[in-house]
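> can you look at this prediction? I've put the sequence above it.
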Protein chains: 2
Amino acid sequence: MDSNTCTMHSHCVQMTMEIHQVVPPPHKSTLQKLKVRLKETFFPDDPLRQFKGQTFKIKLILGAKYMFPILQWGPNYSFKLFKSDLVSGLTIASLAIPQGISYAKLANLPPIVGLYSSFVPPLIYAVLGSSRDLAVGPVSIASLVLGSMLRQEVSPSADPVLFLQLALTATLFAGLFQASLGILRLGFIIDFLSKAILIGFMAGAAIIVSLQQLKSLLGITHFTKQMGLIPVMSSVFHNIHEWSWQTIVMGICFLVLLLIARHVSIRKPKLFWVSAGAPLMCVIISTVLAFAIKAQNHGISVIGKLHEGINPFSWNMLWFHGSHRGLVMKTGLITGILSLTEGIAVGRTFAALGQYKVDGNKEMMAIGFMNVVGSFTSCYVTTGAFSRSAVNNNAGAKTAASNIVMSVTVMVTLLFLMPLFQYTPNVVLGAIIVTAVIGLIDIPSACHIWKIDKFDFLVMLTAFLGVILFSVQEGLAVAVGLSTFRILLQITRPKTVMMGNIPGTDIYRNLHQYKEATRIPGFLILSIEAPINFANITYLNDRTLRWIEEEEEDNIKELSSLRFLILEMSAVSAIDTSGISLFKELKATMEKKGIELVLVNPLAEVIEKLKKADEANNFIRADNLFLTVGEAVASLSSTMKSQSTTTEEAQTIVPHY
Amino acid sequence: MDSNTCTMHSHCVQMTMEIHQVVPPPHKSTLQKLKVRLKETFFPDDPLRQFKGQTFKIKLILGAKYMFPILQWGPNYSFKLFKSDLVSGLTIASLAIPQGISYAKLANLPPIVGLYSSFVPPLIYAVLGSSRDLAVGPVSIASLVLGSMLRQEVSPSADPVLFLQLALTATLFAGLFQASLGILRLGFIIDFLSKAILIGFMAGAAIIVSLQQLKSLLGITHFTKQMGLIPVMSSVFHNIHEWSWQTIVMGICFLVLLLIARHVSIRKPKLFWVSAGAPLMCVIISTVLAFAIKAQNHGISVIGKLHEGINPFSWNMLWFHGSHRGLVMKTGLITGILSLTEGIAVGRTFAALGQYKVDGNKEMMAIGFMNVVGSFTSCYVTTGAFSRSAVNNNAGAKTAASNIVMSVTVMVTLLFLMPLFQYTPNVVLGAIIVTAVIGLIDIPSACHIWKIDKFDFLVMLTAFLGVILFSVQEGLAVAVGLSTFRILLQITRPKTVMMGNIPGTDIYRNLHQYKEATRIPGFLILSIEAPINFANITYLNDRTLRWIEEEEEDNIKELSSLRFLILEMSAVSAIDTSGISLFKELKATMEKKGIELVLVNPLAEVIEKLKKADEANNFIRADNLFLTVGEAVASLSSTMKSQSTTTEEAQTIVPHY
């Protein structure tokens, strides 16, 4: 076959085969790009969309409705809605009162602070919050963390006033931090507490909280101040002589009662009121019992005297002095982020169930503002509680008005019913906490994670063990670090996959995944599955060269030689200057080996940068840049054929279109 | 048209159109996967490949050659190679001697330590190193950082012995750190010092180093101990009365001479010996001059008395006591990583030029071991120097034997020529340093980075400003943090791109990039360009819903409705349990809206996890999982047509195959 025929033949093939150009995206200035990027980073939900093209007055109304969701549902509020909210509000109040008292004790605060915190924050949330189901108040995990962190520097028994001051100040910081996350639209920071971390963390926290309750459940008076599994267990068994059998018997009875009630409600969700009302019933029964048998004389400790009256103002109690300031800020930050995570997660969960939307950043502002106001009115850190919100939803809450009903109920309690609680035994509060937190241990989810993703399981386990063996903040920090490290590792060691042709098509896929896919002799087609940047160019260079060397070794045996290295770039979402230099280097190395480097489907940003970096058209030319692997192989094969003398051979190998 | 005909029609279309299945990759156990992952993470270059299938004896020989590259080139060493190495070795020696003395002064160490460090480490490297061009010895940046960090706690003038002890100990730590990075195959850590960071950092360091030379160039005796731009400049102008005009004149003369020599060599690379020999010439001329005019009596400070003799052993000088230990380890870590980066980068650069390979991890072991031995023999941190390696390469070095020649020359100097240096004026050493470091300021590269990638430019600027205004370690830390943050941000806010059909093909591409691409009515085709994980599921959920809402708003106007959401997953390289939950949630949301969720080309890991998570086949069924967007659209359109009554309309829109 003479060369003239060859050229004509190749020309024919190219005529019948349409080749599509890779084009860079339309030009945009740096400023425009920055604007788009900032918008996508901070306003992915585009909250201002509804304001577009409206008159000033409507904008004002929409703005007010945006800031105060109560203006959205308030005007349409009806007696029918109120009936639902009344029932659910009373139900969650019956849960909130004993839990408020219990959680305050968990935070080493006076029990009444728990009730204060169930009065003011729900009112604020009812005005600002966009969730219909969130039941606001103190929660176990934030209480535990607040109490345990502050106890590192100040003893709640030796200096209760200073301890309360620090708790209120930490609440202020938590609120400011939460609100600023929302205002600065940095809500994505809480996404770094992944679901796997939260499952591990909550299970760990539940165990720690339950262990702390051994103090009240066993009636021990000298209990360790540490939170870890080991010191607590050793404290429990070193103080066996302090165990009070009367307390233990009472504790077991009420614990069994509460667990049965919980079990009933889980089995039959319609009987939600059984577990919702059980804590209050237990408190009433045990208080009457304790009063009747004079429990405090039989080694059963009771809450003791409580003041009547609603929240006193507390801004004069905020503590900004030098000492403890670091601790207070750290505590505020950690309890802030934890309570925010719980509140947002709960809000999102019920919003998805009820088919309405909550705006994460706005919720953060609402929760943050609620805590700032809380810190001025003797409340400690509050958020949307999972257990109470579930009860609220089950009980038929329709709007945030159920929070108002709960709040009013708590107010009535604060004003008139407080003396009744002075005989309530601490052991019952312990039993209520244990029952509440035991639901946080989610074994099925842990199994599910194990099945799907072993690394996520490791992260979960790290959070769990870190929390029970060291501390909440260390456990969380290590788990977040580990999951971030994984992301970085995925970038640092991206997958490069060898692709082959799926017979009878022009589709090219992973040879390892699709067994029917076949190699095209003379071509090495690699897909790079990550952005290319400084962190992975050395690896990509090494790895590509290894592919080529292995290829060359195979080829020596098979007596055919590698002509083209095709890099499929569909999965390369971004590139930086180091990434550009990788291509320059690869191009040079390949040229020395007599292999041509071909790029397929570089995405918008990538082709734009490559073109910019390659003004001399050294490595980005039309003949080594294709839109699909199929077109690249077809076009290059025809070139190869026109150059080679063994045309027939190549022709049988290349897929036809 | 009755429903019977419809079904038949759709059947026909599906018969002619071949639909390919997405299949998960072949099953592998967790252990197998872990093995592959570990291999890719730590052994991407597969260094053991050459050992496969060899006899034990050959394995032993190959192993020895692997450990000691001198065994590879040594046996074939010829007189011809030696001639080349002799010339280049003598050339770099003439540069190494004055630079060694100068850099030791930069590190606040006795000048002779710089020569010690140019004697032992090159010998070690010649045996262990795999680069032919690397000229080993002290370098400016590591010297600067070592000197400035240790000076934070110990004054080199008040307590020179302790300062030297700390410097040697820091060298030991640097060596141990470097070697262990190599042994543990964690070399990718130095990749995090990206090229942009290095350019910014080196320019900053060059300025700081030059500013430090104002002390010798102006003849100031009371100079600040700080490194920052501001304290140095204020120190210079507060001590105007100390400026010595004789020193300044001499400094300017030699500086101009050196800069001219440098300029000549840059213009004509063949005249490399002009700039290579210039420093030694300057030292000789200035020393003779200083001796002749008794310079020290005219306010020109000279080096002063120097001991003769080669490196004394120094293991008894290593300092492991409690005080300063933290600083010494930190200094070792930072100088270790900096000198490693320089050495590896230089080695890689010249290997690429000379078409041979250097193994990063092995180089780290060589450099590390060289510094460990160095710390026992009175040497401080050494590595491959960029300027001297360039001269070495230019002068025709063929093997690491040129390092041996240089080392022997330095040894001769140490044994016999040291007294000659006592009259060398410090101002000349200052001029040599300034000329050497000025080449580190790489303006063209900075412009190139600005043109291609604005964020990389920002990272570079951060490193630059951080180094000149604060400190080397802070500047580097912030710059590395910033570039890592960018990677995380790319993951947290991945691009989602709307795709359209390129007319006349079954190719689907970014609508924004390819203007000819057209939408298919009833379909929303989104490409997700990042791994899906905990850090971005909230964003992806929000963003997808916004796409749909915008779509629905448009559709209201156009009176056609959205039927299918196709997610093109070719760029989703990995997924975790949170990512799986995103699909479950999206599926549920879409079902409520009456839109079907369709996945296209999930990669091996993704389809495997999706299948595992979806045992009930709720969202991964054959009818919503396709290999290409083209097949998905074709297949779904035919289903749509069979259900819809407006068949004709749809038929004109869907591309034909």
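Perfect, I can see it now. Please read all numbers here as calculations on a predicted model, not as lab measurements.

> list the helices and strands the top helix by length along chain A packs on?
Ordering each helix of chain A by length in residues (DSSP state H) puts helix A:325-354 first. Applying 3 or more Cβ pairs under 8 Å, 6 or more residues apart in numbering or on different chains; DSSP states H and E, we find helix A:325-354 packed against helix A:140-150, helix A:160-183, helix A:360-376, strand A:383-384, helix A:386-394, helix A:472-492, helix B:577-593. Using the backbone N, CA and C atoms, a C-beta is placed for each residue, glycine as well.

> to residue A:39, which of these lies closest?
helix A:360-376 (13.8 Å; Cβ to Cβ).

> if we can go back for a sec, would you reformat the helices and strands packed on helix A:325-354 as CSV and include mean neighbour count and mean pLDDT?
Listed next are the helices and strands packed on helix A:325-354 as CSV, based on neighbours: other Cβ atoms under 10 Å in any protein chain shown; pLDDT from 0 to 100:
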stretch, mean neighbour count, mean pLDDT
helix A:140-150, 27, 90
helix A:160-183, 23, 94
helix A:360-376, 25, 93
strand A:383-384, 32, 92
helix A:386-394, 24, 83
helix A:472-492, 19, 88
helix B:577-593, 19, 86
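
> of all these, which lies closest to residue A:26?
Nearest of the helices and strands packed on helix A:325-354 to residue A:26, taken as Cβ to Cβ: helix A:472-492 at 28.5 Å.

> which residues touch the very next helix or strand once past that closest one?
Note on helix A:472-492: by DSSP states H and E, the next helix or strand toward the C-terminus is strand A:496-501. Outside strand A:496-501, the residues that touch it by Cβ atoms under 8 Å, 6 or more residues apart in numbering or on different chains are A:507-512, A:514, A:517-520, A:524-529, A:540, A:543-544, A:547, A:568, A:629-630, A:633, A:655, B:603-604.

> please redo it, this time with the cut-off set to 7 Å
A:508-512, A:517-520, A:525-529, A:543-544, A:568, A:629, A:655 (Cβ atoms under 7 Å, 6 or more residues apart in numbering or on different chains).

> mind listing what's buried along the longest helix of chain A?
For helix A:325-354, a neighbour-count test (16 or more other Cβ atoms under 10 Å in any protein chain shown) marks A:327-329, A:331-351 as buried.

> circling back: a markdown table please, covering the helices and strands packed on helix A:325-354 and showing distance to residue B:78.
Output for the helices and strands packed on helix A:325-354, formatted as a markdown table (distance: least, Cβ to Cβ, whole Å):
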| stretch | distance to residue B:78 |
| --- | --- |
| helix A:140-150 | 72 |
| helix A:160-183 | 70 |
| helix A:360-376 | 72 |
| strand A:383-384 | 78 |
| helix A:386-394 | 79 |
| helix A:472-492 | 42 |
| helix B:577-593 | 60 |
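
> ok, which of the ones you listed comes nearest residue A:466?
Among these, helix A:472-492 comes nearest to residue A:466, with 2.6 Å by Cβ to Cβ.

> which strands or helices does that closest one pack on?
helix A:195-218, helix A:454-465, helix B:472-492 (3 or more Cβ pairs under 7 Å, 6 or more residues apart in numbering or on different chains; DSSP states H and E).

> the second one vs chain B: in contact?
Yes: against chain B, helix A:454-465 shows contacts by Cβ under 7 Å from any Cβ of the partner chain at A:454, A:456.

> please apply the same query to the longest one.
Yes: Helix A:195-218 comes into contact with chain B when judged by Cβ under 7 Å from any Cβ, the residues involved being A:195, A:196.

> which elements pack onto that helix?
Contact here means 3+ Cβ pairs under 7 Å, 6+ apart; on that basis helix A:195-218 packs against helix A:140-150, helix A:229-238, helix A:245-267, helix A:426-438, helix A:443-452, helix A:454-465, helix A:472-492, helix B:577-593.

> dump the residue contacts of residue A:599.
A:567, A:569, A:624, A:625.

> my read: the first one touches residue A:528, true?
In this case it means residue A:567. Yes: here residue A:567 reaches residue A:528: they are 6.1 Å apart, a contact under Cβ atoms under 7 Å.

> if we can go back for a sec, quick one, which of the helices and strands packed on helix A:472-492 is nearest to residue B:101?
helix B:472-492 (22.5 Å).

> and the closest one with helix A:472-492, angle?
80 degrees (axes from the mean of the first three to the mean of the last three Cα atoms, to 10 degrees).

> would residue A:527 count as being in a strand?
Yes: assessed with DSSP: H, G, I helix; E, B strand; the rest coil, residue A:527 lies in a strand.

> that one pairs with what?
residue A:497, residue A:568 (DSSP bridges).

> what sits against it?
So residue A:527 contacts A:496, A:497, A:499, A:568, A:571 (Cβ under 7 Å, 6+ apart).

> can you say which of those are buried?
Buried by 16+ other Cβ under 10 Å: A:496, A:497, A:499, A:568, A:571, out of the contacts of residue A:527.

> which one of those is nearest to residue B:69?
residue A:496 (28.2 Å).

> so where is chain A shaky, pLDDT-wise?
For chain A, the stretches with pLDDT under 70 are A:1-18, A:555-560, A:617-619, A:643-657.

> tell me the domain ranges of it?
A:72-487, A:494-653 (automatic domain parsing).

> distance to residue B:612 for those - can I get that in a markdown table?
What follows is these, written out as a markdown table (distance: least, Cβ to Cβ, whole Å):
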| stretch | distance to residue B:612 |
| --- | --- |
| domain A:72-487 | 5 |
| domain A:494-653 | 15 |
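
> quick one on the thing from earlier: out of the helices and strands packed on helix A:472-492, which comes closest to residue A:383?
Across the helices and strands packed on helix A:472-492, closest to residue A:383 is helix A:195-218 (Cβ to Cβ), at 13.8 Å.

> using CSV, list the CA coordinates for the closest one.
Output in CSV follows, covering the C-alpha atoms of helix A:195-218 (Å, rounded to 0.1, in the frame of the first residue of the first chain):
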residue,chain,number,x,y,z
LYS,A,195,-23.4,11.4,61.1
ALA,A,196,-20.9,8.8,61.9
ILE,A,197,-19.2,11.0,64.4
LEU,A,198,-22.5,12.0,66.0
ILE,A,199,-23.6,8.4,66.4
GLY,A,200,-20.3,7.5,68.1
PHE,A,201,-20.3,10.6,70.2
MET,A,202,-23.9,10.3,71.3
ALA,A,203,-23.4,6.7,72.4
GLY,A,204,-20.3,7.7,74.3
ALA,A,205,-22.1,10.6,75.9
ALA,A,206,-25.1,8.5,76.8
ILE,A,207,-22.7,6.1,78.6
ILE,A,208,-20.9,8.9,80.4
VAL,A,209,-24.1,10.5,81.4
SER,A,210,-25.5,7.2,82.7
LEU,A,211,-22.4,6.5,84.6
GLN,A,212,-22.7,9.9,86.3
GLN,A,213,-26.2,8.9,87.4
LEU,A,214,-24.7,6.1,89.4
LYS,A,215,-24.1,8.7,92.0
SER,A,216,-27.8,9.3,92.6
LEU,A,217,-28.9,5.8,91.6
LEU,A,218,-26.6,4.2,94.2
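
> which one of the contacts of residue A:599 is nearest to chain B?
If you rank these by distance to chain B using Cβ to the nearest Cβ, residue A:569 comes first, at 9.6 Å.

> residues contacting the closest one?
Counted by Cβ under 7 Å, 6+ apart, residue A:569 has contacts A:528, A:599, A:600, A:601, A:602, A:603, A:606.

> for it, give its distance to residue A:495.
Residue A:569 sits at a distance of 14 Å from residue A:495 (criterion: Cβ to Cβ, to the nearest Å).

> next one: residue A:33
From residue A:33 to residue A:495 the distance is 29 Å (Cβ to Cβ).

> could you do residue A:29 as well?
From residue A:29 to residue A:495 the distance is 35 Å (Cβ to Cβ).
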